[in-house]
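> give me a 3D structure for the following:
(one chain, ligands or ions: 2)
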Amino acid sequence: MSDTIVALSTARGRAAISVIRMSGEDAIDIAKKFFSPFPAQPNFLKVGKLKTEHFDEQAMCVYFAAPHSYTGENTVEFHCHGGTAVAQAVIETCLNNGAIMAQNGEFSKRAFINGKQNLTNAEGIIEMINAETASAAKAGADLLENKLGKRITELQDRLLDIVSSCEAALDYPEEDLELPTVNSAKSILKDIVRDLDTLISTSTLGKVAKYGIDVAIVGKPNVGKSSLLNALLGTDRAIVSDIQGTTRDTLTESVNYRDIRFNFVDTAGLRDSSDVIEIEGVKRARKAADSADVVLNVTDDPSDRSVYPTIRPQVRIYNKSDLFDEPPCCVDSLTVSAKNGDVGIIKETLYEMFSAKDIDSSDLLITNERHLDCLKRGKQQLVCAITDCDVTTLDVVTNDVKRAWEILGEITGSNAQEDIIDRIYSKFCLGK
Ligand SMILES: Nc1nc2c(ncn2[C@@H]2O[C@H](COP(=O)(O)OP(=O)(O)OP(=O)(O)O)[C@@H](O)[C@H]2O)c(=O)[nH]1
Ligand SMILES: [Mg+2]
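Numbers count the residues shown, from 1 in each chain. Ligands and ions are numbered 1, 2, ... in the order given. Now for the predicted structure:
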């Protein structure tokens with residue numbers, strides 16, 4: 001029998017309403033002690049009086065009977081007035097009547113244990129809660145809908161076919177079962193590796209959908225980097241002046257453009273200096289460029305062809321076009337004027353560069369590092385299996401394939417270890 005847990009499911013603080021959720025075998029009995037009239041049937045909200053130690057709260061109550069609830073257990077929700085004190089008093093009342101405080105993600109963990117969701121569903125919920133753009137929320141919704149889970153189960157089934165036919169043939173030689181040839185196993189394995197590669201390749205776009213694009217703005221002092229940041233954000237965020245070395249530290253601000261998040265980092269102007277603070281600023285600027293998805297190499301000199309030394313993709317930006325007599329000649333560069341606010345081309349170019357428009361039409365994107373790691377490890381194991389096909393016997397290949405099956409199972413949790421499960425659910429907020 002599980003304890004009955006309670007937590008505030010809505011955000012803490014001043015709000016119109018708070019939802020407090022209780023789950024566990026005794027949830028309904030506990031709620032009946034202080035809420036009346038208790039709803040006569042499940043799944044219907046009922047207005048009533050919730051007696052706390054300090055005051056009577058006019059609230060609504062709904063219960064869900066096991067197994068037809070989010071957690072799969074008896075669950076009760078109180079929809080109360082918002083604010084810290086009311087929620088606190090209702091939670092205390094639940095605790096005083098036998099419930100215990102829930103851990104982060106414990107409701108969802110129970111849903112997993114009771115077979116109501118798999119790990120990718122859970123991770124989908126986390127991604128939806130954390131989403132800052134609709135494309136990030138869509139990626140979460142796809143996980144919740146189990147799109148990835150279904151794809152993985154299909155791949156696992158194909159692997160299991162190989163394992164089972166090999167094992168049957170190896171274990172029951174007297175049955176005279178046809179032993180799958182090494183060649184047929186190899187060709188199926190190659191197909192599966194190709195499918196895994198396709199999934200893995202979606203992770204680049206998946207990262208764009210989930211986190212957005214990190215853009216470092218670098219260049220010499222006074223070329224207008226901070227002015228560009230302000231123009232890109234549409235707010236007067238960074239200090240701008242005609243004194244060289246105005247920006248000392250990196251400054252990151254995000255803005256959504258066509259439903260993609262751009263994380264712009266303004267940096268200190270690059271130059272040699274004896275000022276310790278400026279030296280540190282330049283060091284941070286280079287670090288920001290090294291970890292960005294793309295570098296905007298800004299200059300205000302139309303004849304400047306310099307390339308910023310980085311392995312990251314970069315776009316040269318000619319700023320202050322309002323002062324140019326002749327437009328700069330170079331292709332693969334953008335000419336803008338931060339002063340006139342004429343910088344839209346930068347966002348549009350980056351949007352195209354990262355194929356962000358494909359996010360909407362994509363069927364399934366890998367947005368989660370853990371999933372990517374499992375896919376890569378699963379693929380690696382199958383590549384071993386394919387090599388083993390040439391150098392060893394089918395039973396060794398079978399073991400490789402079994403291991404790959406297990407690794408892919410970690411994605412949905414059909415084969416996940418306790419610590420992976422704990423790690424995932426601890427990322428949830430309280431009350432989820
Ligand atoms: N005419 C014109 N002036 C600009 C433009 N963009 C920036 N400036 C001016 O250039 C000067 C430097 O601008 P900042 O944005 O502070 O330059 P920065 O690259 O951030 O400089 P540091 O922080 O010192 O590295 C300021 O006087 C701005 O007003 C532009 O598009 N046109
Ligand atoms: Mg600056």
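
> what about the top strand by length along the chain, average pLDDT?
In the chain, ranked by residue count with DSSP state E as the criterion, the top strand is strand 56-64. Regarding strand 56-64, the rounded mean pLDDT is 97.

> what pairs with that strand, and is each one parallel or antiparallel?
Strand pairing for strand 56-64, using DSSP bridges, gives strand 46-51 (antiparallel), strand 75-81 (antiparallel).

> grab the nearest non-local neighbour of the residue of the chain found nearest ligand 1.
Residue nearest to ligand 1 within the chain: Gly269 (2.6 Å; C-beta to the nearest ligand atom). Quick note: C-beta positions are derived from backbone N, CA and C, even for glycine. Distances taken as C-beta to C-beta, 6 or more residues apart in numbering put Pro221 closest to Gly269, at 2.8 Å, once the chain neighbours are dropped.

> what lies in contact with the strand or helix carrying Lys150?
Using DSSP states H and E, Lys150 maps to helix 147-171. Residues from elsewhere that reach helix 147-171 (C-beta atoms under 8 Å, 6 or more residues apart in numbering): 118, 120-121, 142-143, 175, 177-180, 185, 188-189, 191-192, 195-196, 199, 363-364, 366, 371, 394-395, 397-398, 401-402, 404-405, 408-409, 411-412, 414.

> ok, Met23 - contacts?
Careful, residue 23 is Ser; it's not Met. Ser23 touches 4-5, 69-71, 73-76, 102, 107, 110, counting by C-beta under 8 Å, 6+ apart.

> mind giving me the PyMOL select for those residues, buried ones only?
Buried subset of these, written as a PyMOL selection, criterion 16 or more other C-beta atoms under 10 Å:
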select buried, resi 4+5+69+70+71+73+74+75+76+102+107+110
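
> spell out which parts of this structure neighbour ligand 2.
225-226, 246-247 (C-beta under 5 Å from the ion).

> kindly identify which of those also come near ligand 1.
The subset of these within reach of ligand 1, by C-beta under 6 Å from any ligand atom, is 225-226, 246-247.

> quickly find the element holding the residue most central in space within the chain.
Among the residues of the chain, the one closest to the centroid is Glu127, at 4.6 Å (C-alpha atoms, centre = their mean). Secondary structure assigned from DSSP H and E places Glu127 in helix 119-130.

> contact partners of the next helix or strand after that helix?
Using DSSP H and E, the helix or strand that directly follows helix 119-130 along the chain is helix 134-144. The contact list for helix 134-144, computed with C-beta under 8 Å, 6+ apart, reads 120-121, 123-131, 148-149, 206, 209-210, 259-261, 356, 359-360, 364-365, 367-368.

> how about stretch 339-355?
Residues from elsewhere that reach stretch 339-355 (C-beta under 8 Å, 6+ apart): 205, 208, 213, 215, 224, 227-228, 231-232, 257-258, 260, 262, 293-294, 296, 313, 315, 317, 320-322, 334, 336-337, 357.

> and that stretch, C-alpha only, in PDB?
Extracted in PDB, the C-alpha atoms of stretch 339-355 (Å, rounded to 0.1, in the frame of the first residue of the first chain):
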ATOM      1  CA  LYS A 339      21.000  52.900 -35.600                       C
ATOM      2  CA  ASN A 340      18.000  52.700 -38.000                       C
ATOM      3  CA  GLY A 341      16.800  49.500 -36.400                       C
ATOM      4  CA  ASP A 342      17.300  47.800 -39.700                       C
ATOM      5  CA  VAL A 343      18.500  44.400 -38.500                       C
ATOM      6  CA  GLY A 344      15.600  42.000 -39.300                       C
ATOM      7  CA  ILE A 345      17.700  40.300 -42.000                       C
ATOM      8  CA  ILE A 346      20.000  38.900 -39.300                       C
ATOM      9  CA  LYS A 347      17.200  36.900 -37.600                       C
ATOM     10  CA  GLU A 348      15.800  35.800 -41.000                       C
ATOM     11  CA  THR A 349      19.200  34.600 -42.200                       C
ATOM     12  CA  LEU A 350      19.800  32.700 -39.000                       C
ATOM     13  CA  TYR A 351      16.300  31.200 -39.200                       C
ATOM     14  CA  GLU A 352      17.100  29.900 -42.700                       C
ATOM     15  CA  MET A 353      20.600  28.900 -41.800                       C
ATOM     16  CA  PHE A 354      19.400  26.500 -39.100                       C
ATOM     17  CA  SER A 355      16.500  25.200 -41.200                       C
END
